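Participant: Provided below for reference: sequence and predicted model.
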Amino acid sequence: MPLRAFQNTYAGNPLDRAGERRSDQAWIDARLADPGSQALAMWNGQPLSTTIDGGAALQFVSAPLALELAGGGEQLLFLGLRPHDDVAVFAIDLEGAADPSAGLLQALGGAFEGLRALAPRLDPQEAAIAAQAKAVFEWRRRHRFCSACGQPSEVADAGWKRVCPACAVEHFPRTDPVVIMLATQEHDGSERCLLGRQAVWPPGMFSTLAGFMEPGESIEEACARELFEEAGLEALAVRYHSSQPWPYPSNLMIGLIAEVAAGEGRPDQTELEAVRWFSKRDALALLRGEIEGLFAPPPFAIAHQLIKAWAG
Ligand SMILES: [Zn+2]
C-alpha cells in the first residue's frame, strides 16, 4: 500500500528492497543468471537512459550481461524486486574514461547522462530507482578502504555492505542528514519568508537556507543554528514538511518550515552573499519565474516544494 506522504523527487521508489535476500548468495547468483532479471547500468554515477515522447526512461540491461560486464560482485548491487511480477532488479557501476554506450552497450542504444539533468524527464519512480543505485555506488567509490585500519575492504550483501578482511569491521552505506528550511516571519500583519543566495549560484537565484547537521544535534537544533549562523535570525518554532534523498553523494534533505523572531537578518558573507524577504504573493511569482532577474530552484528540488507549500 502506498505511503501517504508528500513525495519529493527521488522518493517513492517502487521496488521491494527485499533486504533479507541480500546475504543469500545462492539466491543472488540465481537471479543474476536469469535473463529475465534486469540491471540499471551506471557509468561514473550517470544512469543509462533513452529518450521517449519528449521525456526519458531508464535503459535496463539483462542481469547476465551486467554480470559479464562486472566480472564479479564488486560493481554489482541488488536494488530489489519489481512490484507485481517480482523481477529482480540490479545495478552495475561502470567506471573509467571510455563511454561504455559507445562500446559493449552500443547495441542497446541509449546514453549516459548525469542524474540531476535527467531526473526531471524521468518517471518519478524511475528517478527514485536511479537515486538508490547512485547513492550506494557513490558510497562504494569513496569507501573502498576500511576507515578503522586502512586496508582494502571487500563487498558483501549484494553491494550493501563492505567488510574489512584485516580487522573484520563492517561498513554500511552512509546517509548524511542536511536540514533545509524556509524561514518565515510575521511582519506588518502578514507573513513573509526569507530566501538567500550563495555567491557560487547562477546570478539571480534565491533559495531556502540549508546546512549539514552536526553530531549531537537534533534536527530542530541544527535548523536554529544554521538560521542564526547564516542569516542572524532566531528560530522560534520548527515544523517538519517532508524529506528528499539527494544522492550527491549521500545526503538526506530534511525539509522544514521555521518561524523566526522579528529582525531583518543579514547574510553571513561566508555561506550567503545576500538575503531577501518575499511575501506569499511574491514567493509564488518567484516560483513561476515572473519576477524579472530572479528565480528559484526548479520543482524537483525540495526548496521549491517548501516555498510552494508555505505560499500556496
Ligand atoms: Zn579494517
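Facilitator: That came through fine. Residues are numbered from 1 along each chain as shown.
Participant: Next, name the residue at the spatial heart of this structure.
Facilitator: W246 (1.7 Å; C-alpha atoms, centre = their mean).
Participant: close enough to count as contact, that one and F212?
Facilitator: No: checked against C-beta atoms under 8 Å, the pair W246 and F212 is beyond contact range at 11.7 Å. Bear in mind the C-beta positions are built from the backbone N, C-alpha and C, glycine included.
Participant: Please list the residues of this structure that sit near the ion.
Facilitator: Near the ion, the residues belonging to the chain are 146, 148-149, 151, 164, 166-167, 169 when assessed by C-beta under 5 Å from the ion.
Participant: Now that you've got these, can you turn the buried subset into something I can paste into ChimeraX?
Facilitator: Here is the ChimeraX command that selects the buried residues among the residues of the chain next to the ion (16 or more other C-beta atoms under 10 Å):
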select :146,164
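Participant: For the residues of the chain next to the ion, work out which two are farthest apart.
Facilitator: Every pair in the residues of the chain next to the ion was compared (C-beta to C-beta); the two farthest apart turn out to be Q151 and V169, at 9.7 Å.
Participant: Settle this for me: K134 is touching G114, isn't it.
Facilitator: No: between K134 and G114 no contact is recorded; they are 9.8 Å apart, counting by C-beta under 8 Å.
Participant: returning to that earlier point: quick check: neighbours shared by W246 and F212?
Facilitator: Taking C-beta atoms under 8 Å, 6 or more residues apart in numbering as the contact criterion, the common neighbours of W246 and F212 are V178.
Participant: Spit out the contact partners of the residue nearest to C167 when sequence neighbours are not counted.
Facilitator: Computed as C-beta to C-beta, 6 or more residues apart in numbering, the closest residue to C167 that is not its neighbour in sequence is C149, at 4.5 Å. For C149, the contacting residues are 164, 166-167, 169, by C-beta under 8 Å, 6+ apart.
Participant: I'd like these as JSON lines, with pLDDT and secondary structure appended.
Facilitator: As requested, the contacts of C149 are arranged in JSON lines below (pLDDT from 0 to 100; DSSP: H, G, I helix; E, B strand; the rest coil):
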{"residue": "C164", "pLDDT": "98", "secondary structure": "coil"}
{"residue": "A166", "pLDDT": "98", "secondary structure": "coil"}
{"residue": "C167", "pLDDT": "98", "secondary structure": "coil"}
{"residue": "V169", "pLDDT": "98", "secondary structure": "coil"}
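Participant: and the lengthiest helix in the chain, average pLDDT?
Facilitator: Of all the elements of type helix in the chain, the one with the most residues (DSSP state H) is helix 124-142. Helix 124-142 carries an average pLDDT of 97.
Participant: returning to that earlier point: which non-adjacent residue is nearest the residue nearest to the centre of the chain?
Facilitator: Using C-beta to C-beta, 6+ apart and skipping the chain neighbours, the partner closest in space to W246 is M253 (4.9 Å).
Participant: Pairing partners for the one you found in the sheet, please.
Facilitator: According to DSSP bridges, V178, Q244 are recorded as the beta-bridge partners of M253.
Participant: What pLDDT is listed against it?
Facilitator: With respect to pLDDT, M253 scores 98.
Participant: What ranges in this protein fall below the confidence cut-off?
Facilitator: Per-residue confidence for the chain (pLDDT under 70) gives these ranges: 1-2.
Participant: how about a cut-off of 80?
Facilitator: In the predicted model of the chain, residues 1-3, 104 satisfy pLDDT under 80.
Participant: so what does the longest helix of the chain touch, helix or strand wise?
Facilitator: For helix 124-142, the contact count by 3 or more C-beta pairs under 8 Å, 6 or more residues apart in numbering; DSSP states H and E identifies strand 38-43, strand 46-52, strand 55-58, strand 76-81, strand 88-94, helix 115-118, strand 235-246 as packing neighbours.
Participant: follow-up on the earlier one: as JSON lines, the residues of the chain next to the ion with distance to D86 would be great.
Facilitator: Supplementary listing: those in JSON lines, determined by distance: C-beta to C-beta, whole Å:
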{"residue": "C146", "distance to D86": "35"}
{"residue": "A148", "distance to D86": "38"}
{"residue": "C149", "distance to D86": "40"}
{"residue": "Q151", "distance to D86": "38"}
{"residue": "C164", "distance to D86": "34"}
{"residue": "A166", "distance to D86": "38"}
{"residue": "C167", "distance to D86": "38"}
{"residue": "V169", "distance to D86": "34"}
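Participant: Specify which member of the residues of the chain next to the ion is nearest to G289.
Facilitator: So of the residues of the chain next to the ion, ranked by how close each gets to G289 (C-beta to C-beta), first place is C146, at 48.6 Å.
Participant: Could you identify the helix or strand that succeeds the longest helix of the chain?
Facilitator: Elements were assigned by DSSP states H and E; along the chain past helix 124-142, the next helix or strand is strand 154-156.
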